[in-house]
Structures are given as structure tokens and as C-alpha cells.
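1. predicted model and sequence below, questions to follow.
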Amino acid sequence: MTEPIAPAPVRTVNLTKTFVAGPSVVRAVDDVSLEIAGGELVLVMGPSGSGKTTLLSMIGGLLRPSSGRVEIEGADLTALAEREVADLRARRIGFVFQAFNLLANLTAEENVLFPALLVGTPMRSARARAGALLDRLGLGARRRFLPRDLSGGEKQRVAVARALVN
Amino acid sequence: MILRWTLRNVFADRGSLLAATGGIAVSLLLVLVLDGMFAGEAERIVSFLRDSGADVWVMQPGVANVHMASSLVRAELAKEVATVPGVASVTPILYVSAFVKAGGREWFSYVVGRRRDDELAAPRRLVAGVASALPGEAILPDVVAAESGVGIGDRISFLGRDFRVSGITAGTYSMANSVTFASYEDLADLLASPDGASYLLVRAAAGVSPERLAERIDGAVKDVDALPIAELVDRDRRLALQMGVDVIRVMTWIGALVAAVVVAFTVYSAVASRARELAVAKSLGAPGRSLLGAVVVHALLLLALGYAAACAIAIALRAVVERALPQIAIRYTTSTLAIVAVAATALALCAALVPARRVARVDPALVFRG
């Protein structure tokens, strides 16, 4: 008896995205097929305007492709309803943005709690998980600080904790 | 968590909150005050009729108003009207529109001649002096007296005759007219009408409706028309409003238009300034419905704060204005308060939905941008 093969965490098939810019059509992502295995670290490189953000947006479920498909752990994002994509994004995808994008008026702990509470995690366990992550990243003493009171590195670590909380 | 986040966003930046709610408050205040002036003026215009104490006014056939009207009925008809079943009392008054000269100024006024002991058509609120004029005396509205600088014992004139001011009343002045009281004898002499009356003021017996009594008088007495007080008040108010106070109504509509633009723009700006954070929340998995709820709560909070501030300022402003400028009356009606609240809410929601729709179709570059 053979073990079933687990689907790749991230897979794209002939992924294409075009934008209409005035009279011309811009092909931002053109027929990209890739597979990222569990534990694999992939770096996407390219010059400005080469479609890196567009590719990540489609993989992250923020942008619908013009053609092709994105699969996250076997689930075809292009076949899901908007609400289902949002739910999958909250549960299975974590972003650490270049500018961190912490919610300015929430404390470090609340920023980490935010995605956990979105998926219905009870407050007590969400708080425990967030606290553990912040402690592990050396931010235990800063959990009640607002982003404006954190250094750049601390903000980045809060963003990492937020990406991992679910 | 989204609600907590929204509340924090609304209250975190006090400067922005003050600017947004202040803008909304001032624009709604403009509508409330202008409409309040319109309502106040509409009430003052008919205050003499409404407070006359009469249930039915009887007048010359074809006359259906007091404002800008002239009526003459034979005095003996009072006895005939008194015999109609349901009539408790009949009080004749004389009435003429005239310019009252006081303190070097002229005021358009209803001059009402009434007998000293009559109960009806008397001034309801006396500020100084007496409530009934003797021959040679006149009773002025407080606004006219104050603006003209005259008081008890000073001389005024109307219809070419001098009178001594013997009383000053409140609630008898509006921008469209004022009410000056004189003795019946003086006005009969001035109008050369010793045996006539302008109007007969009828009080109904207990249990008789003014409408029913007016019909009975119309049917029983020839050469007169009878109007129940409510109808006369309504007719006079509409006529007076057509003749000038509509300007305030037009100003109110212009004010409403300005308010609509300010409210919509303020709410739009406040919500649009959150577009980036809403996009971040969406990227974290917040469903569109929750984000829409956050936008709606944000818009409604701003509006509620602005509306509450507008109402509080409006109430304070009324006290200040009526003290400093007694010729202006401001009345806030519950219907206006409700209409303004509902219209502003609808407008704020529409204005908030524009940026909310933009968030629903979030531009991923917005959250990835450094």
C-alpha cells in the first residue's frame, strides 16, 4: 500500500495576468507554472515592473488571474468564492509586507491577534498563541505598544508573528 | 476585533475626528437653524390668530384671511350669530393693516381695536403696562418698542393719529407683521365705522366643534363667512409664507445642498483615508462583509457625533439669537430633526460605500507598496 502524495503547498498552472492600460494591454504575468514544496524557500527576483507583486498577489488570493490557476494545498483559488478565498487567506497564508503594514491603532499583541480572531479562534487561546509568538520573537515586553512606538526591527517581528499566528 | 479596530481608528486621531465631526456639525447646523427660523417665523405669523381664544372667525363674505385682508360686517350681525345653536359668545373686533410710526421708524402692523373688557383677541403675554388700551392709547409688540426705543408713556402714531404707549406685549411680532392693539372706539372713529366690525370672534359651547359651528353659522346667518380657527390659521400662514418667508425656505434648501456636499465629502474623505488599512485587513483574511461593516460603523459614528454636536450647538444658538435678536424666532421641530438625521445618514452611507467598494476590489499594490 502506497502513501497518497500530499499536494504541493503552492502550485501555479499557466498563470497569466493582463492589465488594460489605456489603449495597450500589459501582460504582467505570462504563463507562469511553478510548484513550491513544503519547507522550501523560494525567492522571486526581477527588475521593477517585471510582475513580482502581481504574481505574489495572485498566489496570495488578492488578485484573480486572467487565466491559469493557483492551488494552495490542492485547493484551486480560482474556483473558490471570494469569501472562501478570504477564509483560506486568513487560515493558510501569511504576508510579511515590505513596509510591515501593521494596523496603526492596534497594539503589537492586537495586530497578532487580528488574523487569529478573524478565523474564529477563541480569545483565550488566540491570546496565548500570540503571547507565545511575541515572547519567542523577543517582544513580550512590547506587546502593548502601538506600532509607532516600535522600532523598524520590532515592527518586522510583529509582522512575522502575525503571519504565523494561524 | 474589527469593531475595536474601527473604534480606535475613529477616536485615535483627535484632530481628524474634530475636523470631520466639526464639518458635519456645522453643515447640519446650517440646515437646522435655517429651517428653525422658517418654522419659528411661520408660528409667529399666526400667533395672534392662534392665541385669540376664538373657535370660529366670522367675516365679510369672500374674505378668507386676516393677513393683508380687509373685512367689514354690520355690528348687529353679532346678535344674529349669537343666536346660532352652539355659540357661547360673540366678540366683535376692528382690524386694519397700517404703518405704525415709532421712534422715527415705521413698522407694518395689524392694528386691532378691541373693547377693554373683552376676553378674546387680547395680548397673551404682557411685558409691561396694561393689556387693554383706553382711547388714545396703544399697545406695542416688545420687538417694535425695543427697536424703536420707545416705552410706556412715549408717543407713537398710526393712521394719522398720535397714541400714548400704555402696554408692551411679547409674541406679537414676526418678520411679516406685528400686532398693535388700540381701543375699539379709536379704531371705529379712524375707520369711520361706528356700527361695523371687521371680524366677529366666536367661542363655541362645550362639546361643539369649531368646524361644525362654522358650518352652522354659514347656514344660519346671511352676509357672512365663517371659518374655524384651524382653517383660518392655516390659510393665513400659507399666505404670509408665500409673501416673503419663502425666502428662508429657499435658503434652507440651499443650506441643505451645501450640507449634503459637506457631509458626503467629509465621510468619503474619512473612509478613503483608511483605504490602505482596509486593504491590509483584507489581505489578512478579513471578509468583505466585515470590512463593509467597519466602513459603515465609521461613517455612522462620524455622522452621529456631528449630528449630536449640531443639535447641541443649535439649542445653544437659539438661546443666544433670541436674546440678542428678539425679532428672530427659531423653532426646532421633531419632524425636521428626524428628516435631517435620516437624510444625513443615507447620504453618509452612500458616501462611505464609494471607498468601501474600492476596498472590495482592493488593489494589491496598495498593500505591497513600501
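-> All right, it came through fine. Residues are numbered from 1 along each chain as shown, chains lettered A, B, ... in the order given.

2. can you name the residue of the stretch 151-300 of chain B nearest to chain A?
-> The stretch 151-300 of chain B approaches chain A most closely through residue B:285 (2.3 Å), counting by CB to the nearest CB. The C-beta positions use only the backbone N, C-alpha and C, and glycine is treated the same way.

3. could you look up the SS state of that residue?
-> The three-state label for residue B:285, taken from DSSP: H, G, I helix; E, B strand; the rest coil, comes out as coil.

4. burial measure for it, as a count.
-> The burial metric for residue B:285, expressed as a neighbour count using other CB atoms under 10 Å in any protein chain shown, is 24.

5. pull the contacting residues for it.
-> The neighbours of residue B:285, taking CB atoms under 8 Å, 6 or more residues apart in numbering or on different chains as the test, are A:86, A:87, A:88, A:89, A:90, A:91, A:93, A:115, A:118, A:119.

6. what's the closest non-adjacent residue to it?
-> For residue B:285, the nearest residue in space outside its immediate sequence neighbours is residue A:90; the separation is 2.3 Å by CB to CB, 6 or more residues apart in numbering or on different chains.

7. what's next to stretch B:73-90, contact-wise?
-> Taking CB under 8 Å, 6+ apart as the rule, stretch B:73-90 contacts B:58-60, B:92, B:119-120, B:195-206, B:208, B:212-213, B:216-217, B:220-221, B:223-224.

8. so how far is residue B:41 from residue B:247?
-> 10 Å (CB to CB, to the nearest Å).

9. okay, the two: which has more neighbours?
-> Between residue B:247 and residue B:41, counting by other CB under 10 Å, residue B:41 is the more crowded of the two (24 against 11).

10. before we move on, which element is the more buried one in?
-> Secondary-structure assignment from DSSP states H and E places residue B:41 in helix B:14-45.

11. average pLDDT for that helix?
-> This predicted structure assigns helix B:14-45 an average pLDDT of 87.

12. who are the packing partners of that helix?
-> Counting contacts by 3 or more CB pairs under 8 Å, 6 or more residues apart in numbering or on different chains; DSSP states H and E, the secondary-structure elements packed against helix B:14-45 are helix B:229-240, helix B:246-272, helix B:288-324, helix B:334-360.

13. apart from its chain neighbours, what residue comes closest to residue B:96?
-> Leaving out its chain neighbours, residue B:96 is closest to residue B:111 (CB to CB, 6+ apart), at 5.2 Å.

14. secondary structure element holding that neighbour?
-> When secondary structure is defined by DSSP H and E, residue B:111 falls within strand B:105-114.

15. got the CA positions of the following helix or strand past that strand in CSV?
-> Note on strand B:105-114: by DSSP H and E, the next helix or strand toward the C-terminus is strand B:125-129. Listed next in CSV are the C-alpha coordinates belonging to strand B:125-129 (Å, rounded to 0.1, in the frame of the first residue of the first chain):
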residue,chain,number,x,y,z
ARG,B,125,-48.1,87.8,27.2
LEU,B,126,-47.8,91.3,28.7
VAL,B,127,-44.2,92.6,29.2
ALA,B,128,-45.1,96.0,30.7
GLY,B,129,-48.1,98.2,31.2
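
16. neighbouring strands of strand B:125-129 in the sheet, and parallel or not?
-> Using DSSP bridges, the neighbouring strands of strand B:125-129 in the sheet come out as strand B:161-170 (antiparallel).

17. for the partner strand, list every residue counted as buried.
-> For strand B:161-170, the neighbour count (16 or more other CB atoms under 10 Å in any protein chain shown) marks B:163, B:165, B:166, B:167, B:168, B:169, B:170 as buried.

18. ok so, going back, packing partners of the next helix or strand after the helix holding residue B:41?
-> Moving toward the C-terminus from helix B:14-45, the next helix or strand (DSSP H and E) is helix B:47-50. In this structure, helix B:47-50 makes packing contacts with helix B:229-240, judged by 3+ CB pairs under 8 Å, 6+ apart.

19. could you give the angle of the helix it packs on to helix B:246-272?
-> Calculated by axes from the mean of the first three to the mean of the last three CA atoms, to 10 degrees, helix B:229-240 forms an angle of 80 degrees with helix B:246-272.

20. show residues contacting helix B:229-240.
-> Contacting residues not belonging to helix B:229-240 are listed as B:42, B:45-46, B:49-50, B:52, B:54-57, B:64-68, B:174, B:176-177, B:210-211, B:214, B:227 [CB under 8 Å, 6+ apart].

21. can you tell me the SS state at the residue of chain A found nearest chain B?
-> Closest residue of chain A to chain B, CB to the nearest CB: residue A:90 (2.3 Å). Local secondary structure at residue A:90 is given as helix here, using three-state DSSP.

22. rewinding a little: just the buried residues from the contacts of stretch B:73-90, in PyMOL please.
-> Written as a PyMOL command, the selection of buried residues from the contacts of stretch B:73-90, which uses 16+ other CB under 10 Å, is:
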select buried, chain B and resi 58+59+60+92+120+196+197+198+199+200+201+202+203+204+208+213+216+217+221+224
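
23. the contacts of stretch B:73-90 in strands, which ones?
-> Secondary structure assignment (DSSP state E) places B:58, B:59, B:92, B:196, B:197, B:199, B:200, B:201, B:202, B:203, B:204 from these within strands.

24. mind putting those residues into TSV with distance to residue B:35 and pLDDT?
-> Output for the ones in strands among the contacts of stretch B:73-90, formatted as TSV (distance: CB to CB, whole Å; pLDDT from 0 to 100):
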residue	distance to residue B:35	pLDDT
B:58	35	96
B:59	32	95
B:92	38	94
B:196	41	87
B:197	38	92
B:199	32	95
B:200	36	95
B:201	32	95
B:202	35	96
B:203	34	96
B:204	34	95
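
25. just to revisit the earlier point, and the pLDDT for the residue of chain A closest to chain B?
-> Residue A:90 is given a pLDDT of 83.

26. which parts of chain A are helices?
-> A:52-59, A:82-92, A:108-118, A:123-136, A:152-164 (DSSP state H).

27. average model confidence for the first one?
-> This points to helix A:52-59. Averaged across helix A:52-59, the pLDDT comes to 89.

28. and the contacts of it?
-> Under the contact criterion CB under 8 Å, 6+ apart, helix A:52-59 has outside partners A:10, A:12, A:15, A:17, A:28-29, A:32, A:44-46, A:63-65, A:70, A:72, A:77, B:364-365, B:368.

29. if any of those are buried, give me the ChimeraX selection for them.
-> Below is the selection syntax for ChimeraX that covers the buried ones among these, with 16+ other CB under 10 Å defining burial:
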select /A:10,12,15,17,28,29,32,63,65,70,72,77 /B:364,368
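
30. so which of the contacts of helix A:52-59 belong to strands?
-> Filtering those for membership in strands, criterion DSSP E, returns A:10, A:12, A:15, A:17, A:28, A:29, A:32, A:70, A:72.

31. now these in CSV, with pLDDT?
-> What follows is these, written out as CSV (pLDDT from 0 to 100):
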residue, pLDDT
A:10, 91
A:12, 94
A:15, 94
A:17, 93
A:28, 90
A:29, 93
A:32, 94
A:70, 93
A:72, 90
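
32. tell me who's in contact with the closest residue to residue B:163 other than its chain neighbours.
-> Closest residue in space to residue B:163, ignoring its immediate chain neighbours: residue B:138 at 3.8 Å, by CB to CB, 6+ apart. Listed by CB under 8 Å, 6+ apart, the contact partners of residue B:138 are B:100, B:156, B:158, B:163, B:164, B:165, B:166, B:180, B:181, B:182.

33. the last one and residue B:133 touch, don't they?
-> By that I understand residue B:182. Yes: taking contacts as CB atoms under 8 Å, residue B:182 lies within contact range of residue B:133: 5.3 Å.
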